[in-house]
Structure formats: C-alpha cells, structure tokens
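A.B. asks: What shape does this take:
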Amino acid sequence: MDDLFAPPAYAWQRLSPAYRSLRRLTTVLVAPVVFSVPALVLGLAFGLWWVSLALWGVAAVIVVVRWSLVERTWRSWGYVEREDDLYITHGVAFRSLVAVPYGRMQLVEVASGPLERAFGLATVSLKTASPETNATIPGLPPEEAARLRDRLTELGEAHASGL
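C.D. replies: Predicted coordinates for the structure are as follows:
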C-alpha cells in the first residue's frame with residue numbers, strides 16, 4: 001500500500017514552516033470559540049452547568065488532538081513539478097496523491113486570507129475541467145506561490161497547445 005503513495009524519483013517540495021504556526025493558532029482559537037457560546041448559554045441561561053463542562057471538555061480534546069497532529073500534517077504535504085504533470089500529496093489518516101497533467105489545467109489561482117497574510121503565506125489552487133480535482137497547495141511563501149503560479153500557467157499553456 002505504501003507504494004501507492006511513494007514519492008516519484010524527484011525531490012518533494014515542502015510547505016513553509018510558518019504553516020505549522022498558522023495551524024497551531026487556528027487550533028487554539030477555533031474550537032474554544034465555537035464551543036464557548038453554546039457552553040455559556042447552556043450553563044448560564046438554562047443552568048445546565050454539566051452540559052457546559054462537557055462542551056468545554058470536548059473543545060479541550062479537539063485542541064489536544066489537533067495540536068498533536070499539526071507536525072505530522074505539515075510533514076505530509078508536498079508537491080513535485082514533473083515534466084508533464086504536478087504531483088500533490090497530503091494526509092495523515094486519509095492519504096491523498098493527486099497528479100494533475102499540465103495540459104488539463106484551466107486555471108491557477110493564488111489566495112491569501114488575513115491570517116495567511118499575517119504569517120506570510122499563500123495558497124495555490126489548480127482548476128481543471130473535472131470538478132473532482134482537489135489540487136490545492138497551502139502554506140507557501142508568497143514568492144514561491146507567485147513562481148509556482150507563473151510556472152504552472154506557462155506549462156499549462158505549452159502543453160494545452162499540443163492538444
């Protein structure tokens with residue numbers, strides 16, 4: 001089974017280390033914020049303090065589990081620019097390897113939300129004719145995202161003209 005996700009004979013490019021910090025920040029912020037409102041409402045308004053404590057416990061478990069997986073998740077991401085296609089791999093429990101032929105690319109998109117910009121990161125997404133294509137590379141430095149965008153656009157045009 002490991003051969004299915006084995007890297008090709010190329011060096012995998014990895015995400016920026018700042019991506020780990022971004023994931024840790026969102027881990028610490030999201031679960032407590034999402035669970036705090038229902039916990040406070042149930043605890044204070046309805047007197048269901050035990051349900052409120054249970055929700056806080058669930059939030060704590062989510063934070064601990066996600067925090068422990070940040071490093072492995074970061075290490076699982078990689079991409080390889082080959083002659084005719086781009087390989088993208090990621091996943092800890094549910095592994096994925098996507099090969100996108102350059103000639104099938106229709107759009108290369110770069111996005112960066114407020115938190116990503118604060119950490120100096122960007123995300124590159126590839127769109128093909130298939131809606132099933134999930135080719136996204138998060139956690140790239142802006143310079144690498146711009147280089148990859150330009151390179152993939154150039155390769156996509158060169159390979160598409162041969163069709």
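
A.B. asks: number of nearby residues for residue 133?
C.D. replies: 16 (other Cβ atoms under 10 Å). Placement of C-beta: from N, CA and C, glycine included.

A.B. asks: which SS state does it fall under?
C.D. replies: coil (DSSP: H, G, I helix; E, B strand; the rest coil).

A.B. asks: which ones are touching it?
C.D. replies: Applying Cβ atoms under 8 Å, 6 or more residues apart in numbering to residue 133 gives the contacts 98, 100, 126, 127.

A.B. asks: With neighbour count, distance to residue 51 and secondary structure as extra columns, can I get those residues in a markdown table?
C.D. replies: Formatted as a markdown table, the contacts of residue 133 follow (neighbours: other Cβ atoms under 10 Å; distance: Cβ to Cβ, whole Å; DSSP: H, G, I helix; E, B strand; the rest coil):
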| residue | neighbour count | distance to residue 51 | secondary structure |
| --- | --- | --- | --- |
| 98 | 17 | 42 | strand |
| 100 | 21 | 46 | strand |
| 126 | 24 | 44 | strand |
| 127 | 15 | 44 | strand |
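
A.B. asks: For these, give me TSV that also has pLDDT and distance to residue 14.
C.D. replies: Shown next, in TSV, are the contacts of residue 133 (pLDDT from 0 to 100; distance: Cβ to Cβ, whole Å):
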residue	pLDDT	distance to residue 14
98	91	16
100	92	18
126	94	18
127	91	23
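
A.B. asks: Which pair of these spans the longest distance?
C.D. replies: Largest separation among those by Cβ to Cβ: 98 and 127, giving 12.6 Å.

A.B. asks: And what about the spatially most central residue of the chain, helix, strand or coil?
C.D. replies: By Cα atoms, centre = their mean, the mean C-alpha position of the chain lies nearest to residue 138, the distance being 4.7 Å. Following three-state DSSP, the label given to residue 138 is strand.

A.B. asks: Apart from its neighbours in sequence, what residue is nearest it?
C.D. replies: residue 123 (4.4 Å; Cβ to Cβ, 6 or more residues apart in numbering).

A.B. asks: What are the contacting residues of the strand or helix carrying residue 97?
C.D. replies: For residue 97, the host element (DSSP states H and E) is strand 96-101. Residues from elsewhere that reach strand 96-101, judged by Cβ under 8 Å, 6+ apart: 4-5, 84-90, 126, 128, 133-135, 159.
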